[in-house]
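Chemist: dropping a prediction and its sequence here:
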Amino acid sequence: MTLESLEQIKGRAQAAVPGAKIDIIPNTGPSQQSSLLIDNEHALAVARFLRIDPALQLDFCSNVTGVDWLERTLKKKVKVKKVVDGEEREVDETTEEKIPGYLEAVYHLYSMTHKHGLVVIRMRTADRADDARLPSLNSIWRSAEFQEREIFDLYGIRFDGHPDLRRILMWDEFQDYPMRKDYREPDDYEYEPTPHDAVLARAREHYAPRPHLDGAENITPQQ
């Protein structure tokens, strides 16, 4: 069975789930694999439709990953009418749009029944706060359980409705989220008895250089 276009899937999903907001996010990269951005309130219902609709039956979630988007400024060129040398003309003007930061969860879906795919869906958090939340889709695709845990562990997204949301790679006492773009690795870890090599090099970034004493480098904290 031939897979429908994203436009067709979007239209039928919105018809099946009243009130759902779905946007097509284009991908200009080499893969040209555009995706469907689903609003969080209706995400479970839309996901269920994608899973059980007879023409789609997207019954296999092969991969779930996180994405961190920092706050950024987009520059756009727009046409505006201005008076130039006493004559009204249409000229190009550059505008700037600030986009707040947010986190995403991206799901790759296939149909084992119909042997078609790929369909990519995504959800976005409201911001990059430590308690950023998204609905868990584990109840729709069982394979999402460990992968949502990994996203929670590394990006800090809390998946509401997940049956066992806890760290899966880092230890329980670990602070912060290593895959966030503004993450800074600590100078040292509690399990390393003596600082060496890369750890010592990182620590030197916080210290002012001092003259060698007795042939040995001595570093003290900046005042």
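Modeler: Received, thanks.

Chemist: what strand or helix carries Arg48?
Modeler: helix 43-52 (DSSP states H and E).

Chemist: buried set for that helix?
Modeler: By neighbour count on 16 or more other CB atoms under 10 Å, the buried set for helix 43-52 is Ala43, Leu44, Ala45, Val46, Ala47, Phe49, Leu50, Arg51. C-beta coordinates here come from the backbone N, C-alpha and C atoms, glycine included.

Chemist: which residue, other than its chain neighbours, is closest to the last one?
Modeler: Here the nearest residue to Arg51 in space, its sequence neighbours aside, is Ile140; by CB to CB, 6 or more residues apart in numbering that works out to 5.3 Å.

Chemist: by contact count, what packs against the helix or strand where Leu134 lies?
Modeler: Assigned by DSSP H and E, Leu134 belongs to strand 133-135. Applying 3 or more CB pairs under 8 Å, 6 or more residues apart in numbering; DSSP states H and E, one finds that strand 133-135 contacts helix 43-52, strand 116-124, strand 158-160.

Chemist: can I have stretch 137-144 written out in CSV, keeping just the CAs?
Modeler: These are the backbone C-alpha positions of stretch 137-144, laid out as CSV (Å, rounded to 0.1, in the frame of the first residue of the first chain):
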residue,chain,number,x,y,z
LEU,A,137,3.5,8.2,23.7
ASN,A,138,4.6,5.0,25.4
SER,A,139,1.0,3.8,25.6
ILE,A,140,0.8,4.0,21.8
TRP,A,141,4.2,2.6,20.9
ARG,A,142,5.7,0.3,23.6
SER,A,143,9.2,0.8,22.1
ALA,A,144,9.2,4.4,23.2
